[in-house]
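J.: Turn this into a model:
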Amino acid sequence: MGDDKDAAQNEIIIQGLPASPGVAVGKAFVYKKEKPQIFSQTIDEESVPGQLALFKRVQEDLKTEWQHLRQQEQDQTSKAVLDAQIAIIIDPQLTSEIRALIEEKHYGVQHAIQQAFKNYINKFSATGNSVLHNRKMDLTDIRDRLVKAVTQSSAPLPPSDGDIVVSAEISPREVIQFSHRHIKGLVMEQGGNTSHAVIIARSVGIPAVVGAKGVIEKMQPATELCIDGKQGLVSINPTAHTRERAKQLRGSAMLTHQEQQRIVERPSQTTDGKSFTLRANVEFAEELENVQKYDARGVGLLRTESQYLDQQQMGSTQKQVGFYRQVLTQTGDDPVTIRLFDVGGDKFQQNNHAESNPFLGWRGIRMLLDEREMLRDQLRAILTVAGEHPERVRLLVPMVSTLDEIAALKVEIARCRQEVMDDGNPVDNMMMLGIMVEIPSVALQTKHFADEVDFLSIGTNDLTQYLLAVDRGNPLISSLYDQRHPAVWKVIDHVASVAREHHVEVDVCGELASYPVAAACLVGMGVTTLSMTPVNIPMVKNMLTKKSHKQMEKLAEQVLLCEQSADVKSLFKNWKTK
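T.: Here you go, the predicted structure:
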């Protein structure tokens, strides 16, 4: 008893962000990576051939290493990510730029590598899109590995079996390699829950927490950790009580995993017979496997940003068509909601204007209506695929703030539809048009926008950010960012109510939909279509099929009476255990 009391005094709880569900207890392994030192060196003309040969050798060696890792891998998601990274390693544009810097500017090979990667990394770093910002790790890892190969730097020691890896940030490749060592979990101070590293962790079943600020400085040799990837919690020096609870949660998680197939096969109905629909949020082709695995009824949000940023020329129409076809083919006969490109274009166009707050700036439909050819390229690609899959494709418009934007977009859709027809391709004249409800002014004027579109999709992530005036990426105020805030619920209820009055479909595609009790509250407010990361579908469906619609309506009524976030959280906690 006394030992546990002493332990309790030493236990430190850090609240991070949920990344990959699951509970793990084990010894912490602090994985520190030294950033390679890159010198702005220049070389003489005689050294150019040798530097070119050195670059070719390290490029081939790295490609071979990645290919060998891929051959050992069984997980399809991991294989797909490695394929994408191999493509970066041998990318003709990058290779050409590095060679040109060596030949024409006489840069040393490590300096040339750093400069060529710099522009690509900046595209991801400076964007107002958090998904793409998280993806920069893919590029920095490849850059650093190339530079280390040039300088022959040694790699850090790997973790042992059963360790929980703690690091500032971890690359997708490292997650794959660590999974072969049977690590128990991952904790990152940086990163986000949409990074490739996290996608892989979810796919291979490794619990993970990201955004755990300050966790490394609290580590001692052989520190014991307990992590909860579902709640985003890290317990340092856990007490006996914490370890016992973790054991219970692991047992529950194992049971849930064993029952997942049975859960997803249940009819999507509440206990009193009200239907609901669960769809998937997807950005990368490697996520489609989980759409099928968890029986999502289509894609409620297909993000398209990477289709542009992965390509120097912003993506040809034909390459987009190939991606959209793949998504439609692998989702059966279910609907697919394709969101137009949603990121500030100034970060990768021929425009040097810097924005101090890209989340409130030139992004989404605002940028697309200024960059008409980019918009038309994407519309032609979407309309082409929609014609091949009638009544399945739904077009979603991000960052809408005025009715004029919708009117202008409709003109462009009509123009592009005619061009697709002129090329001899079929079109879908019934393709549904919807907008993201994420700007408070749009939510307040829902009735006017509902008259212009076929459906509304509430993006709770940005809606919360704008409604509460909290930059969710700012660690100084991140505690104020709370999607369960009473104001957020009141706005959602208003949008859902007006949508019903105007006979317009409404769904929620933000993170809020992935929390079981929050999902029940949304259904209670009349939002019967929810879209989320596929791995969250079983636990949400499990909750919705065990409660009645009347119970959910009562929950929604109680939430709307709450004055503080703490009241909502308490209500949710008590409701879950009833």
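J.: Run the chain-centre distance for stretch 410-430.
T.: The gap between the average C-alpha position of stretch 410-430 and the chain average comes to 31 Å, counting by Cα atoms, centre = their mean, to the nearest Å.
J.: Mind listing what's buried along that stretch?
T.: Buried residues in stretch 410-430, counted by 16 or more other Cβ atoms under 10 Å: 413, 416, 417, 419, 420, 427, 428. Any C-beta I mention is one placed from the backbone N, CA and C, and that applies to glycine too.
J.: Just the pLDDT for the third one.
T.: Each residue has a pLDDT score; the one for residue 417 is 97.
J.: hang on, it in a strand?
T.: No. Counting by DSSP: H, G, I helix; E, B strand; the rest coil, residue 417 falls outside a strand, being helix.
J.: before we move on, the earlier item: farthest-apart pair in the buried residues of stretch 410-430, please.
T.: The most widely separated members of those are 419 and 428, with 14.7 Å between them, by Cβ to Cβ.
J.: From the buried residues of stretch 410-430, pick the one nearest residue 114.
T.: Within the buried residues of stretch 410-430, distances to residue 114 taken as Cβ to Cβ reach their minimum at residue 416, with 40.3 Å.
J.: Could I get the contacting residues of that closest one?
T.: Shown in contact with residue 416 (Cβ atoms under 8 Å, 6 or more residues apart in numbering): 376, 379, 380, 383.
J.: any idea which element the second one lies in?
T.: The one in question is residue 379. Residue 379 is part of helix 372-388, with elements assigned from DSSP states H and E.
J.: What about residue 434, how many residues nearby?
T.: By other Cβ atoms under 10 Å, 22 other residues sit near residue 434.
J.: looking just at contacts, which helices and strands does the one helix or strand it maps to meet?
T.: Assigned by DSSP H and E, residue 434 falls within strand 432-437. With contacts defined as 3 or more Cβ pairs under 8 Å, 6 or more residues apart in numbering; DSSP states H and E, the secondary structure elements packing on strand 432-437 are strand 393-397, helix 403-422, helix 446-450, strand 455-458.
J.: So which of these is nearest residue 21?
T.: Of all the helices and strands packed on strand 432-437, it is strand 455-458 that lies closest to residue 21, at 23.6 Å by Cβ to Cβ.
J.: who touches the very next helix or strand once past that closest one?
T.: The element immediately downstream of strand 455-458 (helix or strand, assigned by DSSP H and E) is helix 460-468. Helix 460-468 has contacts (Cβ under 8 Å, 6+ apart) with 359-360, 436-440, 443, 470-472, 480-483, 485, 487-488, 491-492, 508, 510-513.
J.: Can you tell me which of these are buried?
T.: Applying 16+ other Cβ under 10 Å to the contacts of helix 460-468, the neighbour count classes 359, 436-439, 443, 470-472, 481-483, 485, 488, 491-492, 508, 510-513 as buried.
J.: What score does residue 389 have for pLDDT?
T.: 97.
J.: how about low-confidence regions in this protein?
T.: Segments of the chain classed as low confidence (criterion: pLDDT under 70) are 1-9, 39, 123-135, 193-194, 252-257, 308-316, 344-358, 472-475, 478, 577-578.
J.: so how far is the longest strand along it from its chain's centroid?
T.: Counting by DSSP state E, the longest strand found in the chain is strand 23-30. Shown here is strand 23-30, whose average C-alpha point lies 25 Å from the average C-alpha point of the whole chain (Cα atoms, centre = their mean).
J.: Can you name every helix or strand that that strand contacts?
T.: Using 3+ Cβ pairs under 8 Å, 6+ apart as the contact criterion, the neighbours of strand 23-30 among helices and strands are strand 164-167, strand 185-188, strand 224-228, helix 240-264.
J.: Pull out the buried positions in it.
T.: By neighbour count, and taking 16+ other Cβ under 10 Å as the criterion, the buried residues in strand 23-30 are 23, 24, 25, 26, 28, 29, 30.
J.: Other residues contacting the next helix or strand after that strand?
T.: Moving toward the C-terminus from strand 23-30, the next helix or strand (DSSP H and E) is helix 48-72. With Cβ under 8 Å, 6+ apart as the test, helix 48-72 has contacts from 43, 79, 82-83, 85-86, 89-90, 95, 98-99, 102-103, 106, 108-109, 112-113, 142, 145-146, 149-150, 173, 176-177, 180.
J.: In helices, which of these appear?
T.: Residues from those lying in helices, with DSSP state H as the criterion: 79, 82-83, 85-86, 89, 95, 98-99, 102-103, 109, 112-113, 142, 145-146, 149-150, 173, 176-177.
J.: Buried only: go through those for me.
T.: Under a neighbour-count criterion of 16+ other Cβ under 10 Å, the subset of these counted as buried comprises 79, 82, 85-86, 89, 98-99, 102, 109, 112-113, 142, 145-146, 149-150, 173, 176-177.
J.: so how far is the next helix or strand along the chain from the strand holding residue 434 from its chain's centroid?
T.: Sequence-wise, the next helix or strand beyond strand 432-437 is helix 440-444, with elements assigned using DSSP H and E. Its chain's average C-alpha position is 25 Å from that of helix 440-444, according to Cα atoms, centre = their mean.
J.: Next: stretch 67-79.
T.: Going by Cα atoms, centre = their mean, the spacing between the C-alpha centre of stretch 67-79 and its chain's C-alpha centre is 21 Å.
J.: Check stretch 571-578 too.
T.: Per Cα atoms, centre = their mean, the centroid offset for stretch 571-578 relative to its chain is 28 Å.
J.: likewise stretch 420-439?
T.: On the basis of Cα atoms, centre = their mean, stretch 420-439 is displaced by 25 Å from the centre of the chain it belongs to.
J.: First-to-last residue distance for that stretch?
T.: Using Cα to Cα, to the nearest Å, the span of stretch 420-439 from its first residue to its last is 32 Å.
J.: Please flag which of the buried ones among the contacts of helix 460-468 sit within strands.
T.: The strands, defined by DSSP E, take in 436, 437, 508 from these.
J.: Identify, from the residues you listed, the entry nearest to residue 393.
T.: Relative to residue 393, and with distances defined as Cβ to Cβ, the nearest of those is residue 436, at 16.6 Å.
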